[in-house]
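Enquirer: no FASTA, just this:
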């Protein structure tokens, strides 16, 4: 058992070193990197597509699509929206890691980009443990998943910078106690930036995209 | 890389041996074992609670609750519903395995039970690879998760015996193409038994519980 723990620790250490390299590469290009995580079906791809629609002209975004199977459904949608996309098939693995991120970054036209969004594999457990080299972790939660998720999957909420509460258009039809949910989130992560929105109606998107654009500009100025 | 694959294969082999022991233990007691998997928030616990309500008097059910964190929210609900429940905290792991199942079975009053339901960790990837020793795998999918899930998470659909399509009360508010979803499911698993239902309204539960009771009886007769 001790040996197994030792091996896992070594894998994580070497992943962390590679993640730092990835982040340095993004920094050299003045690019903001965003790692988007979520449960399957919370709306990650819709969220990315709706964000693309609302970006100011000239802000260039590249998307890395992580999938556990060799399907390009999500990457095709991003390409159709006019942005460069790279698909990573994890071959059954439940998360992306810094090695996969490194090869995906090499396939993107970094010199032309301001923002790289990574859509991680749909999973609330495994992606939390593997740094990719992005500047911020964002979780897309959604009303139909229920208000107890921060209590049940605390690890993923602890290491977030942004939380999107999606599908607020479904509030009238679902028993979701927003107070209980936010209380659970704040207990794990007091400083978290939270946006409530709907990818279907567009409600709440303005606040989110304004914030995102300000973060992209701040990163450019630091570079 | 080869070494890593070898280690993973050995873990799976030894898990499979233990799973056979667990199944033999259930068989000796004439108990049907059901492994319930789902994405976080698809409604596994509600589905178990609504099933308990509709079981014929005298049919005794024990529940094993798998959680990635030390919270007993789900196990408490099952206990409140009057059935024995055991909680397994996987300590951050993304799935249950046959070792955890073995210790949970030891904590249940098997001599008094007809059915054991295992609520696996909320995850569409990891639980698919680890047999527990149950007789059937059941997946709770839900309308808000979207109709593309069988295409994106094929492995979990391949090794199922029962599929529950939950939250059909939300159909009017969500773009979910049932044809496209079922087509993807059938391509992976032609013989799958499928029930569409709603844990909120109770619609569709009668067909499911009738089927479940017939399976419990068949298992008793084989014992």
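Expert: Now that the structure is in, tell me what you want to look at. Note that the coordinates shown come from a computational prediction; the quantities given were computed from them, not determined experimentally.

Enquirer: Roughly how far does the residue nearest in space to the middle of chain A sit from chain B?
Expert: The residue lying closest to the centre of chain A (C-alpha atoms, centre = their mean) is residue A:36, at 0.7 Å. With distances taken as C-beta to the nearest C-beta, to the nearest Å, residue A:36 is found 15 Å from chain B. Bear in mind the C-beta positions are built from the backbone N, C-alpha and C, glycine included.

Enquirer: How is that residue classified with respect to secondary structure?
Expert: strand (DSSP: H, G, I helix; E, B strand; the rest coil).

Enquirer: what sits against it?
Expert: A:44, A:47-48, A:117-120, A:138-140 (C-beta atoms under 8 Å, 6 or more residues apart in numbering or on different chains).

Enquirer: swap in residue A:216?
Expert: Neighbours of residue A:216 in contact, by C-beta under 8 Å, 6+ apart: A:32, A:59, A:114-115.

Enquirer: Residue A:168 is in contact with residue A:196, correct?
Expert: Yes. Using C-beta atoms under 8 Å, residue A:196 is in contact with residue A:168, at 5.2 Å.

Enquirer: Return every residue with contacts to both of the two.
Expert: With C-beta under 8 Å, 6+ apart, residue A:196 and residue A:168 have common neighbours residue A:204.

Enquirer: which residues touch stretch A:15-31?
Expert: Outside stretch A:15-31, the residues within contact range by C-beta under 8 Å, 6+ apart are A:32-33, A:97-99, A:101-102, A:105, A:110-111, A:113-116, A:130-135, A:219-220, A:222-223.

Enquirer: Narrow those to those in helices?
Expert: A:98-99, A:101-102, A:105, A:219-220, A:222 (DSSP state H).

Enquirer: most neighbours, which of these?
Expert: Within those, neighbour counts (other C-beta atoms under 10 Å in any protein chain shown) peak at residue A:101, which reaches 31 neighbours.

Enquirer: And for that residue, nearest residue in space, chain neighbours not counted?
Expert: residue A:132 (4.3 Å; C-beta to C-beta, 6 or more residues apart in numbering or on different chains).

Enquirer: one step back: where does the residue nearest to the centre of chain A land on pLDDT?
Expert: Among the per-residue scores, residue A:36 shows a pLDDT of 98.

Enquirer: Next: residue A:182.
Expert: 97.

Enquirer: Chain B versus that one, what's the distance?
Expert: 16 Å.

Enquirer: For the helix or strand hosting that residue, buried residues please.
Expert: Assigned by DSSP states H and E, residue A:182 falls within helix A:178-188. By neighbour count on 16 or more other C-beta atoms under 10 Å in any protein chain shown, the buried set for helix A:178-188 is A:181-182, A:184-185, A:188.

Enquirer: so where do the helices sit in chain A?
Expert: A:2-28, A:44-54, A:73-80, A:98-106, A:149-152, A:154-158, A:178-188, A:205-222.

Enquirer: other SSEs contacting the third one?
Expert: With contacts defined as 3 or more C-beta pairs under 8 Å, 6 or more residues apart in numbering or on different chains; DSSP states H and E, the packing partners of helix A:73-80 are helix A:44-54, strand A:61-67, strand A:85-89.

Enquirer: Tell me which of those sits nearest to chain B.
Expert: Of all the helices and strands packed on helix A:73-80, strand A:61-67 sits nearest to chain B, with 6.3 Å by C-beta to the nearest C-beta.

Enquirer: Just give me how far stretch A:73-91 sits from the chain centre.
Expert: Averaging C-alpha positions (C-alpha atoms, centre = their mean, to the nearest Å) puts stretch A:73-91 14 Å from its chain's average.
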